[in-house]
Structure formats: C-alpha cells, structure tokens
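K.L.:
Below are the sequence and a predicted model; questions follow.
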Amino acid sequence: MQDGNPLVDFRFVRKGDERGFPSFTCTVPVPSNREIGGRWVKGESLHPYPWELLVQRLIRHSALYLSSDNWIRLGVTDEGHVATYCAVARKSVDVFEVAIIAVSSSYQGRGLGRDALADAIRCARAQSARDGVQAQFVAYVDTRNERSARLFHDFGFEPVKRLDPDRRGNVFVVWALK
C-alpha cells in the first residue's frame, strides 16, 4: 500500500470500478416505511443521517463525476474492496471542490477519511502545479454533518458562507482551505 496507509491503495477510478458503486454502503440502512400519527412516512425521512443517504445515492450514480474536469479517487484494499471514495470537481483552473468524500461502513473509524482527503488534495495540487497555478479548495458540508465539518476543520478548512436551505430543507456551509 502507499502514502502511509497500510489498509488501502489510493488510485484514480478505473474502467469497471463503477460496477461496484451501486452496492457501496457508507451509512446505516434506511428504516422501513411506517405509520406515524395516522399517516404513512417514508423510511428515508426517518433516517438519522440524511446527508449520508444523499452521499450514498450520489456514489451509486457516479457517472456525473467522470469527465476531464472531474475525477474520482478510490481507496482500495488488497482484496479489491472499495474502502473510500472521493470525487473532486474542478470548478476553474485553480479551484477544486471536494464534492463527495465517503468511507465504506466496513472501514470507518480507521482514519481513512482523513487519508482520502489528503490524497485528493495532493492529486489536485499536482494537477494545478502542471498548469502553473496554485490550487484552492472548497467543500459544501451539510450543517448537521459534524464528522465532515470536523474533518475539514482539522485539515485547515474554514467555513466561509452559509447557504440558504435547498428545496429539501438541507442547509450547507461552504468551507475553504486557508
């Protein structure tokens, strides 16, 4: 393995990797639909970590991030399991958005989120250096997602703007690496 993590090898996504994305799991299962107060409620609305469901759904439909300006880095175990997933979108010649970062449920709690973020930043900096610019980084974090906020904070990101609620009522904060 490389880059100091004995658990995974970080690499760009390869042809065929996307076949495993529909089964990628990074959160607890969706609760069953149920009746509450005389009305039926969808299980998704009862999920304790709705932002994780959104991330999992985006990973399972990853084609959006496969283009010349966007890329995906995976952390893959010796057995071929995808342990981490990090999608980066190049927003301009020098601005990179960490669009998705996730650790498979089976590998959480081992520092792999930190390692995946470090790997993505290293790759983006190398790409921007080839273009003769200095990379800048942003991320959009759901206000309820304390783990991601802590990860980005520990990396030196700072919240720079709170956005208005989206159509589902989710509120995101834009974080930038200082």
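P.N.:
That came through fine. Numbering: from 1, shown residues only.
K.L.:
which residues touch the longest helix anywhere in the chain?
P.N.:
Longest helix in the chain by number of residues, with DSSP state H as the criterion: helix 112-130. Identification of contacts with helix 112-130 by Cβ atoms under 8 Å, 6 or more residues apart in numbering yields 3-5, 7-8, 10, 71, 73, 75, 83-86, 88, 90, 93-94, 96, 98, 101-103, 134-135, 137, 147, 151-152, 154-155, 177. Placement of C-beta: from N, CA and C, glycine included.
K.L.:
Filter those residues down to the buried ones.
P.N.:
5, 7-8, 10, 71, 73, 75, 83-86, 88, 90, 96, 98, 101-103, 135, 137, 151-152, 155, 177 (16 or more other Cβ atoms under 10 Å).
K.L.:
Helices - which of those land there?
P.N.:
Reading helices off these with DSSP H, I get 151-152.
K.L.:
who's sitting farthest from the centroid in the protein?
P.N.:
Taking Cα atoms, centre = their mean as the measure, the residue most remote from the mean C-alpha position of the chain is Gly38, 36.9 Å away.
K.L.:
residue contacts, the most centrally placed residue in the chain?
P.N.:
Most central in the chain under Cα atoms, centre = their mean is Ile101, positioned 1.7 Å from the mean C-alpha point. Contact analysis of Ile101 by Cβ under 8 Å, 6+ apart lists 84-87, 113, 116-117, 120, 139, 148, 151.
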